[in-house]
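>>> next come a sequence and a model predicted from it.
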Amino acid sequence: MADLAISIKSVTKRFASHTAVRALSLDVPRGAVYGLLGPNGAGKTTTIRMLLNIIRPDEGTILVLDSDNAARDVLDRVGYLPEERGLYRKMQVKRLLRFLGELKGVRSRDLAYRIDRWLERMDLKTPAKDWGEARIDELSRGMQQKVQFIGTLLHDPELVILDEPFSGLDPINAQAMKDTVVELKRDGKTIIFSTHLMDNAERLCDSVCIIARGEKVLDGRVATVKAEHGGRHVALAVESGDTDTLGSVLASGQLVKRVDDSNRYFELELADGADPQELLRQVVASGARVLRFELVQPSLHQIFLQRVGASDIEEGITGHG
Amino acid sequence: MGKILVVAKREYLERVRSRWFLLSTFLGPVLLLTVIILPAYLAIRSQSAETASNVIVLDVTGTDLGRRVMSEIIGSPMNDTSVAVVRSVTAQALAEAESTATHDVMSRKYQGYLVLDSASMQGRGARYAGRNASTLPDMERIEGAVRQSVLMMRMQNAGLDAERVKALSDVRIRLATERITDAGRGGSGRFSVAFAFTIAFLLYTSILLYGQSILRGVIEEKTTRVAEVVVASVSPDAMLGGKVIGVGGVGLTQVGIWAASSMLLLRFREPLMERLGMPVVPFAMPSMTLGTGLVLLLFFVLGFTFYSSLFAAVGAMVTNDQDAQQAATPVMLLAVFSIIFLQPVMLNPTGPLAQVVSWLPFSAPIIMPARLSLISISRLEVGFVLFGSALSCVAAVWLAARIYRVGILMYGKKPSLAELGRWIRQSR
């Protein structure tokens, strides 16, 4: 058990009108980057809140870093970045960080040093300007996010939980966030993040868990998950202008079960028993000029579509972010 | 436990450091003085001012009553340089004379005019119209002058010598008041009323001001989602507790500063008043024992905890200021209800109304201290009311905590009463 950062066993949480999480079990190995994937309303945030003991499950047990998560001080070893970010607007940056550090039980005399190092590392403290002395509402949005991020990591947590860390970030900050996740992993931390952006998850995660409607759809190492769903997917690219002629071929239910149409690029899932060779023949026969035809492992996005189904993805799910 | 203090420390320091705290700490007493002292001071000053004597007397009686009244008003026999005017008119010409006088007042030549007629002669009444009609000292002075003049005229008509009438009727009584309680005599009665009022008002305003401050704080934490970061480290109950302790500490600090500075002021008030050229009126502080002080402090703490936890719960229920105003109304009403009953209670601090409102959980912390500084109440009753307040305080905190821990993570529209009931029943 010692190699698990988190162990959730058959956890259920009901609210007045609906069940947010149903009989969810999952294990997160220590040192892993773990993705919690699912459409909006799937129960990701509820799960994260239960992990942090913000809300209690109705049934089931949760172990965080080998302790019951209601145990004293165990959450002091966890860092949390909520989905919607915000800070006390009128507070001075240093005082705010000191407050967040004290909340996590960091000793007072260590705090000043740690805060200075972090501000320097995030370019918020330079010889020219020390933003630590400024008030939060004097900072730009990007700087505020940096401060929040410092607040999450200031107490050097073993486990870092990020709820939708990439939402609302511009490409530069999103890149910085990705770099930081990788850095944290190198330092031996465990990182759990929730996202509905499959591309990020696919690139970053060692393991994933896909949930929908409060239930686990699948979980495991990304490589394993992809291998299990492999062999029936085709990547197809054609010259622009030739896509119209393809229509009837791809629409035939005999060969193709599902199409993700990105205009010039298609990711296809073959119908049961369909021969990819036959598909290629028909594509060529349709007159389209083929640039690429390859049997591939499906992307997480494809697996997600396949397993969760279209009915759940209308709101909020996007494959590319 | 340590984390409650971390939250309390933040709430305390952020507020005490704010400009608002400095301003309200220094301006609070100034405002209070303005409200209580200034009208009294102005009233004293205006007695020597000319407003009361700068009037027209319309005398319809056909006697010299008008001249007598005027002499009485200005405090000396009339001479030609006097600004005062007495116009003898007939009953038929009165209407016209009044409209002329009205124009004189409107053009600011005079403050107002007084009509003396047969009713005045019979001692039934006189009419006055003017700018200072609602200035109580002026009206008392004019009324007194008419009464005195009619009296003197009647006595002279009855054959008494004018000088003798004057000597006999010159009676000016001022009532010196002193309070007697079960513990004995002590302090000026009026001053202890003022003191009791001040205590009740101080409690009321600090409860409302700091309650609102907590309310705004909770809404800020909700809208900025800071609440989520905090409850990932401490339980919502501890967060609420820390908030109430921290903000309560700010209130106590402020009241403490006010109490200390009033004591200093009282100690040096005689040289100070001499400097300002005001007559030094000796008065005795209502005697306050350490025990009474402690009980007052307890009531402040209980009242503050009761109201501020409810305000925090309201803050947790809403996401914007408009909803907050609406949702806070019931809590505000409880406080306003208490202060509305203050005046009747002060007039009859031993009556049944006073008894009832000092037992009700929400008004006790405001009314009881006022009654305590006015009359002496048995220790048993004080103990019981304190106990009752403490119980209702526990109930309020419990209720607030149930609402707070659900509400702090809920966004969107204000919950209905049914939903609120579910929140309270719901476990975390």
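Arrived safely.
>>> for the chain, what are the low-confidence residue spans?
Just going to use chain A. A:1-2, A:231, A:310-321 (pLDDT under 70).
>>> try chain B instead
Looking at chain B by pLDDT under 70, you get B:1, B:32-33, B:35-52, B:76-84, B:176-192, B:269-270, B:273-288, B:427-428.
>>> which residue does it have closest to chain A?
residue B:224 (2.9 Å; CB to the nearest CB). Yep, even glycine has a C-beta here, placed from its N, CA and C like the rest.
>>> residues contacting that residue?
A:86-89 (CB atoms under 8 Å, 6 or more residues apart in numbering or on different chains).
>>> repeat for residue B:30
Applying CB under 8 Å, 6+ apart, no residues contact residue B:30.
>>> can you tell me the SS state at it?
Of the three states, residue B:30 takes helix according to DSSP: H, G, I helix; E, B strand; the rest coil.
>>> now the residue of chain B positioned farthest from its centre: which helix or strand?
Distance to the chain centre peaks in chain B at residue B:159, reaching 50.7 Å (criterion: CA atoms, centre = their mean). Using DSSP states H and E, residue B:159 sits within no helix or strand.
>>> give me the distance between it and residue B:165.
10 Å (CB to CB, to the nearest Å).
>>> same check, this time on residue A:261
In terms of CB to CB, residue A:261 sits 116 Å off from residue B:165.
>>> cool, and residue A:67?
99 Å.
>>> what of residue A:89?
According to CB to CB, residue A:89 stands 77 Å off from residue B:165.
>>> right, and residue A:214 touches residue A:20 too?
Yes. Residue A:214 is in contact with residue A:20 according to CB atoms under 8 Å; the separation is 5.4 Å.
>>> please enumerate the shared neighbours of those two.
Common neighbours of residue A:214 and residue A:20 (CB under 8 Å, 6+ apart) are A:43, A:46.
>>> now do the contacts for the residue of chain A found nearest chain B.
Chain B sits closest to residue A:86 of chain A, with a gap of 2.9 Å, by CB to the nearest CB. By CB under 8 Å, 6+ apart, residue A:86 lies in contact with A:148, B:223-226.
>>> repeat the analysis, applying 6 Å as the threshold.
B:224-226 (CB atoms under 6 Å, 6 or more residues apart in numbering or on different chains).
>>> kindly report the same for residue A:161.
Going by CB under 6 Å, 6+ apart, the list of residues near residue A:161 reads A:48, A:80, A:192.
>>> which one of those sits closest to residue B:67?
For these, the residue nearest residue B:67 by CB to CB is residue A:80; the value is 89.4 Å.
>>> I'd guessed the closest one sits against residue B:232; true?
Yes. Contact criterion CB atoms under 6 Å: residue A:80 and residue B:232 qualify, at 4.3 Å.
>>> mutual contacts of the two, please.
Common neighbours of residue A:80 and residue B:232 (CB under 6 Å, 6+ apart) are residue A:52.
>>> helices along the stretch 301-428 of chain B, start to end?
B:321-340, B:342-347, B:352-357, B:364-372, B:379-407, B:417-425 (DSSP state H, counting those that start in this stretch).
>>> domain-wise, how is chain A divided?
A:4-226, A:231-296 (automatic domain parsing).
>>> dump those to a markdown table, plus distance to residue B:417.
Formatted as a markdown table, the domains of chain A follow (distance: least, CB to CB, whole Å):
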| stretch | distance to residue B:417 |
| --- | --- |
| domain A:4-226 | 14 |
| domain A:231-296 | 48 |
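>>> what's the closest of those domains to residue B:92?
domain A:4-226 (74.2 Å).
>>> for chain B, what are the nearby residues on the stretch 1-150 of chain A?
A:16, A:52, A:54-56, A:80, A:82, A:84, A:86, A:88, A:99, A:102-104 (CB under 6 Å from any CB of the partner chain).
>>> now, the contacts of residue A:161 that are in strands?
A:80, A:192 (DSSP state E).
>>> surely residue B:314 touches residue B:327?
Yes. Counting by CB under 6 Å, residue B:314 does reach residue B:327; the two are 4.8 Å apart.
>>> between those two, which has more neighbouring residues?
Remark: of residue B:314 and residue B:327, residue B:314 carries more neighbours, 30 against 20, as counted by other CB atoms under 10 Å in any protein chain shown.
>>> separation between residue A:179 and residue B:64?
104 Å.
>>> these two: which is more packed in?
Neighbours were tallied for residue A:179 and for residue B:64 using other CB under 10 Å; the higher tally belongs to residue B:64 (14 against 10).
>>> against residue B:157, how distant is that one?
12 Å.
>>> before we move on, what about residue A:170?
From residue A:170 to residue B:157 the distance is 100 Å (CB to CB).
>>> circling back to that earlier point, top of the contacts of residue B:224 by number of neighbours, please.
Result: residue A:87 is most packed of the contacts of residue B:224 (other CB under 10 Å), 22 neighbours.
>>> mind checking how far the nearest residue to that one once chain neighbours are set aside is from residue B:16?
With sequence-adjacent residues excluded and distances taken as CB to CB, 6 or more residues apart in numbering or on different chains, residue A:87 is closest to residue A:136, at 4.9 Å. According to CB to CB, residue A:136 stands 19 Å off from residue B:16.
>>> quick revisit: so which of residue A:67 and residue B:165 has more stuff around it?
Taking other CB under 10 Å, residue A:67 and residue B:165 do not tie; residue B:165 has more neighbours (17 against 14).
>>> tell me the contacts of residue A:4?
residue A:27.
>>> the stretch 151-300 of chain A: strands as residue ranges?
Using DSSP state E, counting those that start in this stretch, the strands of the stretch 151-300 of chain A run over A:159-163, A:190-195, A:207-212, A:215-221, A:233-238, A:256-261, A:265-270, A:290-296.
>>> the fifth one versus strand A:256-261: what angle between them?
Strand A:233-238 and strand A:256-261 meet at an angle of 50 degrees, taking axes from the mean of the first three to the mean of the last three CA atoms, to 10 degrees as the criterion.
>>> all helices of chain A, in order?
A:44-51, A:93-103, A:108-121, A:141-153, A:171-186, A:198-204, A:222-228, A:243-251, A:276-285, A:300-308 (DSSP state H).
>>> mind checking those helices for the one nearest to residue B:219?
helix A:93-103 (18.2 Å).
>>> pull the CA atoms of the closest one into CSV?
This file holds the C-alpha atoms of helix A:93-103, laid out as CSV (Å, rounded to 0.1, in the frame of the first residue of the first chain):
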residue,chain,number,x,y,z
VAL,A,93,1.1,39.5,-1.8
LYS,A,94,3.6,38.5,1.0
ARG,A,95,1.0,38.6,3.7
LEU,A,96,-1.3,36.5,1.6
LEU,A,97,1.4,33.9,0.9
ARG,A,98,2.3,33.9,4.6
PHE,A,99,-1.4,33.3,5.5
LEU,A,100,-1.6,30.4,3.0
GLY,A,101,1.7,28.9,4.3
GLU,A,102,0.5,29.2,8.0
LEU,A,103,-2.7,27.5,7.0
